[in-house]
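Student: Return a 3D structure for these sequence lines:
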Amino acid sequence: MPITSATAANSSSNGTGEAILLELVDEDGATIGTAEKLAAHQPPGQLHRAFSVFLFDEQGRLLLQRRALGKYHSPGVWSNTCCGHPYPDEAPFAAAARRTHEELGVSPSLMAEAGTVRYNHPDPASGLVEQEFNHLFVGLVQAALRPDPEEVGETAYVTAAELKERHGEGAFSAWFMTVLDAARPAIREMTGPSAGW
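Tutor: Got it, this is the predicted structure:
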C-alpha cells in the first residue's frame, strides 16, 4: 500500500497529535538519537530499536496475528504475536509487554529475553524499509485474547508444521522469518523438543 497523507498521519502520531519518536541506535544497539517514526522507515531507513514477541499456548502453539488492513506498514499480512518500537528511554521488555496488552488485550506470562537480531528488510508494497535492531522475547499466553481491531485483523494458534504450511500459502511480514529464526533457540528451550520448533 503506498504511503498517503492519511496513512502517514496515522503512522506518525500517537492519537494526541504528537509525533511518535523512535530510538536510533548504532550497530551495537547503543542509543545515538531519535527520529520520527515514518521518517525512520523512509528509504534507505534509519537503524532503530524494535522488539518482537512470540507467545505460545499451553500446547506449544505459536500465536500469530494478521495485521489490520488499516495499518500503514504491511497491512493484512500475518506476523508474530506482537512487534513494535520502544519509546525513547523505554526498556524493550517493558515496551513488549505494554504493546502486547495494547494490541491483544493480554499480558504475557513468563516472558523472557531471547536475544537480538539486526536486519534490513525493504517492503516493496509500501516502499518503506525496516532497518532494525530487534530485541526478541518469548513467553506464554494464558488468558482469552481481546484484540484491538485497529491493530489486529485476525489471530491464530499454529503448530510448527501448520506454520510451515501457512507460510508457504499466505503473505507474511518481511521480517517474520528473520525474527523467528533468531528466536528459535529460546523457543525450543521454552516449548521443548517435541513441539518441533
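Student: Every contact and neighbour count from this point should use C-alpha atoms.
Tutor: Will do.
Student: Can you pull the phi/psi pair for residue 188?
Tutor: Note on residue 188: its backbone torsions stand at phi -60, psi -40 [degrees, to the nearest 10].
Student: cool, and residue 69?
Tutor: phi -70, psi -20.
Student: For burial, what's the neighbour tally of it?
Tutor: For residue 69, the count of nearby residues is 17 (other Cα atoms under 10 Å).
Student: How about the one 4 residues further on?
Tutor: Using other Cα under 10 Å, residue 73 is surrounded by 26 other residues.
Student: Which positions within stretch 142-156 qualify as buried?
Tutor: For stretch 142-156, burial by neighbour count (16 or more other Cα atoms under 10 Å) applies to 147, 151-155.
Student: ok, so of these, who is nearest residue 108?
Tutor: residue 147 (13.8 Å; Cα to Cα).
Student: so what's the nearest residue to residue 104 once chain neighbours are set aside up against?
Tutor: Spatial nearest neighbour of residue 104, chain neighbours left out: residue 147 (4.0 Å); criterion: Cα to Cα, 6 or more residues apart in numbering. Going by Cα atoms under 8 Å, 6 or more residues apart in numbering, residue 147 touches 103-105.
Student: Tell me which of those fall in strands.
Tutor: Among these, no member falls in strands (DSSP state E).
Student: would you list these in JSON lines and tack on neighbour count?
Tutor: Below are these laid out as JSON lines (neighbours: other Cα atoms under 10 Å):
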{"residue": "103", "neighbour count": "20"}
{"residue": "104", "neighbour count": "20"}
{"residue": "105", "neighbour count": "16"}
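Student: between those residues, which is nearest residue 123?
Tutor: Here the nearest of the contacts of residue 147 to residue 123, counting by Cα to Cα, is residue 103; it sits at 22.3 Å.
Student: which residue sits closest to the closest one, ignoring its sequence neighbours?
Tutor: residue 148 (5.3 Å).
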